[in-house]
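**Q** Structure for the following, please:
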Amino acid sequence: MATKQLDTLLKYEKDNEQRCATQLKIAENEYQQNISRLQGVADYRLEYMKRLTQRAEVGIDSSTYSHYHAFIAKLDGASKQVEIAMRQAKALVEQSKSIWLKQRQKVKAVELLRDKRLQKMAIAADRVEQKMFDEIATQQYLRRQAR
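**A** Below is the predicted model:
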């Protein structure tokens, strides 16, 4: 394979790697956002529970208590939904990371192949150059002998 083709292939694989890295970053951001959402819901639930406790200390009617309790149940449901989304986001992060690592291996393989090809070409060029110098030296020697 010519080096120009390897350069083209390398550019293609690096572009793919960059796309995979971008997808991984997006997945990681989504996962972090879900962690923040979960913490936000948990904090809000805790704050709401504190309010309920404070209101209960001074006396609270049953309908208000039921209202607080229903809202806390909704917060628990929201928390479960965010946990599901967080697990899905985590799975997407793992999948994206795996894809990116495989693509990174492809880039490394093409780079290695290209480097080996360039090295072979350099060795061949060095041999041609050495052969040329040997020929020049032989010609000079023969001219000196002929005099």
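
**Q** how about Val107, what does it touch?
**A** Shown in contact with Val107 (Cβ atoms under 8 Å, 6 or more residues apart in numbering): 10, 13-14, 17. Bear in mind the C-beta positions are built from the backbone N, C-alpha and C, glycine included.

**Q** Okay, and which of the residues you listed map to helices?
**A** Judged by DSSP state H, the contacts of Val107 include 10, 13-14, 17 as members of helices.

**Q** For the spatially most central residue of the chain, which non-adjacent residue is spatially closest?
**A** For the chain, Ala21 is the residue whose C-alpha lies nearest the centre (Cα atoms, centre = their mean; 3.5 Å). Excluding its sequence neighbours, the residue lying closest to Ala21 (Cβ to Cβ, 6 or more residues apart in numbering) is Trp100, at 5.7 Å.

**Q** about what we covered before: Gln54: which of the contacts of Val107 is nearest?
**A** Glu17 (55.3 Å; Cβ to Cβ).

**Q** Need the pLDDT of the closest one.
**A** According to the prediction, Glu17 has pLDDT 96.

**Q** Does it touch Lys102 like I think?
**A** No - counting by Cβ atoms under 8 Å, Glu17 stays clear of Lys102, with 9.7 Å between them.

**Q** what's the longest helix in the protein?
**A** Looking across the chain with DSSP H, the single longest helix is helix 62-146.

**Q** now that one, how far from the centre of its chain.
**A** Relative to the centre of its chain, helix 62-146 is centred 9 Å away, using Cα atoms, centre = their mean, to the nearest Å.

**Q** ok so, going back, Glu17 and Lys102: who's more crowded?
**A** Per other Cβ atoms under 10 Å, whichever of Glu17 and Lys102 has more neighbours is Glu17, with 20 against 11.

**Q** Please identify which helix or strand holds the residue nearest to the centre of the chain.
**A** Assigned by DSSP states H and E, Ala21 belongs to helix 3-58.

**Q** For that helix, enumerate the helices and strands it packs against.
**A** helix 62-146 (3 or more Cβ pairs under 8 Å, 6 or more residues apart in numbering; DSSP states H and E).
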